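[1] Sharing a sequence plus its predicted fold:
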Amino acid sequence: MKYSHVFIDAMGYELPAEVVTTQELEARLRPVYEVLHLSEGQLEALTGIRERRWWEPGYPPSRGAVLAARKALAMSQVRPQDIGVLIYAAVCREQFEPATACRVAAELGLHPETIYDISNACLGVLNGIVDIANRIELGQVRAGLVVSCETAREINDAMIETMLQAPNMEVFTKSLATLTGGSGAVAVLVTDGSFGTEPRRRILGGVTQAAPQHYRLCRWGLEGMLNALRQFTATDSVAVLRYGVELGLRTWNAFLGRLGWAADTVDKIICHQVGASHRDSILKALGIAEDKEFSTYPFLGNMGTVSLPLTAALAEEREFLQPGDHVGFLGIGSGLNCLMLGVEW
């Protein structure tokens, strides 16, 4: 995919007030550590995550999405009536139906022609950006909004309870990735650059690749009978890292070729935020210097679909991303799926 007139007009985000440290989670898991003869500090040592944010119990994801969207719109000259499509792209939704996007649109007072949810694990927001970019290139819309809100409290509480009930190494290792989860919300406003200000953050194009044979490596869903459903997650972290890096390298090479870039002409990188080992492995495999990448996982954890775009917003706020930078968005999600976008900041 390549684009001629697609821009990221604004990025808004919302973070929960409650900070949950890794030490707090390990304190809850102390009986498990004692059975497995593990010393506390394992989780932070393995992931590099010191803390993350959680919404208060019962927080509706639509609320975070609405707050982030209002911030994005306030930064822009785009009017509500200019929004042609609204996409809600989080893993976390409020019901099976209707689409959470409908509630977000109603709360914002928007009436776009197209409103829907999409789902593709941690790639949801990037997929939404691509969908709107395609619509802009086809002349169908001038502006669209992708929103997402992820909540990690509920699945972490459920997994900690499971680990306490079954304190064995198999459950511990398959639950480790869940304990990296953080909460947050983001909104990305994508336009054709015709809304009065000097357009910035031009999306040049990108590439998608997949390795669906690995679809069972990372799973999150519901199990049990209809009247007794419960959440579960299971992640083979070692295999996800191995095959994810392989897929990332294949996508990176295709990405550079599609945009006509060389690795040394990429000024900055924003990766999906998983943890230290994933970050280090992918940078090494792609030959990217560590100082070109901006990380938020140490203090925000893995916020799923929210992680990459919110990290980009923070990187801009802290002046890591500068006008004119060639920026690579490197997204990967369970499935396995990989999507990389090139942005001229």
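    Structure received.
[2] C-alpha from now on. contacts and neighbour counts both.
    Noted.
[3] ok, now which ones touch the residue nearest to Leu259 when sequence neighbours are not counted?
    Closest residue to Leu259 in three dimensions, ignoring its sequence neighbours and counting by Cα to Cα, 6 or more residues apart in numbering: Gly205, at 6.8 Å. By Cα atoms under 8 Å, 6 or more residues apart in numbering, the contact set of Gly205 is 1-3, 258-259, 341-343.
[4] For Gly205, give its distance to Cys122.
    Computed as Cα to Cα, to the nearest Å, the Gly205 to Cys122 distance reads 19 Å.
[5] for Ile132, same thing?
    From Ile132 to Cys122 the distance is 18 Å (Cα to Cα).
[6] got the contact list for the most centrally placed residue in the chain?
    Nearest to the geometric centre of the chain sits Thr305, at 2.4 Å (Cα atoms, centre = their mean). Thr305 sits next to 89-91, 121-125, 148, 150 when contact means Cα under 8 Å, 6+ apart.
[7] and if you look at Gly275?
    Gly275 touches 47-49, 180, 297-298, 301-302, counting by Cα under 8 Å, 6+ apart.
[8] For it, which non-adjacent residue is closest in space?
    In space, Gly275 is closest to Thr47, 4.9 Å off (Cα to Cα, 6+ apart).
[9] and the one you found, backbone torsions?
    phi -110, psi -20 (degrees, to the nearest 10).
[10] Tell me, how many residues neighbour it?
    Close neighbours of Thr47, defined as other Cα atoms under 10 Å, add up to 22.
[11] which residues of the stretch 201-345 of the chain fall in strands?
    Per DSSP state E, counting those that start in this stretch, the stretch 201-345 of the chain carries strands over the ranges 202-210, 218-223, 230-235, 268-271, 326-333, 337-344.
[12] Pull out the buried positions in the longest one.
    Read it as strand 202-210. The neighbour-count check on strand 202-210 (16 or more other Cα atoms under 10 Å) flags 202-210 as buried.
[13] Okay, and the beta partners of Gly144?
    Beta-bridge partners recorded for Gly144 (DSSP bridges): Val85, Val190.
[14] Now for it, how many residues are close by?
    Neighbours around Gly144, by other Cα under 10 Å: 28.
[15] isn't it right up against Asn134?
    No - shown here, Gly144 and Asn134 do not form a contact pair, counting by Cα atoms under 8 Å, at 10.8 Å.
[16] which residues does Arg103 contact?
    Ser62.
[17] give the contact list for the spatially closest residue to Thr235 that is not a sequence neighbour.
    Nearest non-adjacent residue to Thr235, counting by Cα to Cα, 6+ apart: Cys218, 4.3 Å away. Contact analysis of Cys218 by Cα under 8 Å, 6+ apart lists 233-236, 240, 334-335.
[18] Drop anything exposed from the residues you listed.
    233-236, 240, 334-335.
[19] Looking at those residues, which is nearest His272?
    Ser334 (11.8 Å; Cα to Cα).
[20] is it true that that closest one touches Ala211?
    No - using Cα under 8 Å, Ser334 is not in contact with Ala211, being 9.5 Å away.
[21] chain center to the longest helix along the chain: distance?
    Among the elements of the chain assigned as helix by DSSP state H, the one spanning the most residues is helix 237-259. For helix 237-259, the separation from the chain centroid amounts to 17 Å (computed by Cα atoms, centre = their mean, to the nearest Å).
[22] cool, and stretch 1-12?
    Its chain's C-alpha centre and that of stretch 1-12 lie 18 Å apart, by Cα atoms, centre = their mean.
[23] in it, what counts as buried?
    For stretch 1-12, by 16+ other Cα under 10 Å, it's 2-3, 5-12.
[24] ok, now stretch 98-118?
    For stretch 98-118, using 16+ other Cα under 10 Å, the buried residues are 99-105, 110-112, 115, 117-118.
[25] next one: stretch 48-65
    Across stretch 48-65, burial judged by 16+ other Cα under 10 Å covers 48-55, 60-65.
[26] Reformat the residues you listed as TSV; add distance to Ser277.
    Below are the buried residues of stretch 48-65 laid out as TSV (distance: Cα to Cα, whole Å):
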residue	distance to Ser277
Gly48	8
Ile49	11
Arg50	14
Glu51	16
Arg52	17
Arg53	21
Trp54	23
Trp55	26
Pro60	32
Pro61	29
Ser62	32
Arg63	33
Gly64	29
Ala65	30
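[27] From the buried ones among the contacts of Cys218, which shows the smallest pLDDT?
    Minimum pLDDT for those is recorded at Ala234 (73).
[28] for that residue, which residues make a bridge with it?
    Arg219.
[29] Which residues does the helix or strand encompassing Tyr13 contact?
    Tyr13 belongs to strand 7-14 when elements are defined using DSSP states H and E. Residues outside strand 7-14 that contact it (Cα under 8 Å, 6+ apart): 64-65, 67-73, 75-76, 184-193, 199-203, 309-310, 313.
[30] Would you list the buried entries among these?
    The neighbour count (16+ other Cα under 10 Å) marks 64-65, 67-69, 71-73, 184-193, 199-203, 309-310, 313 as buried among the contacts of strand 7-14.
[31] Nice, that's everything, thank you.
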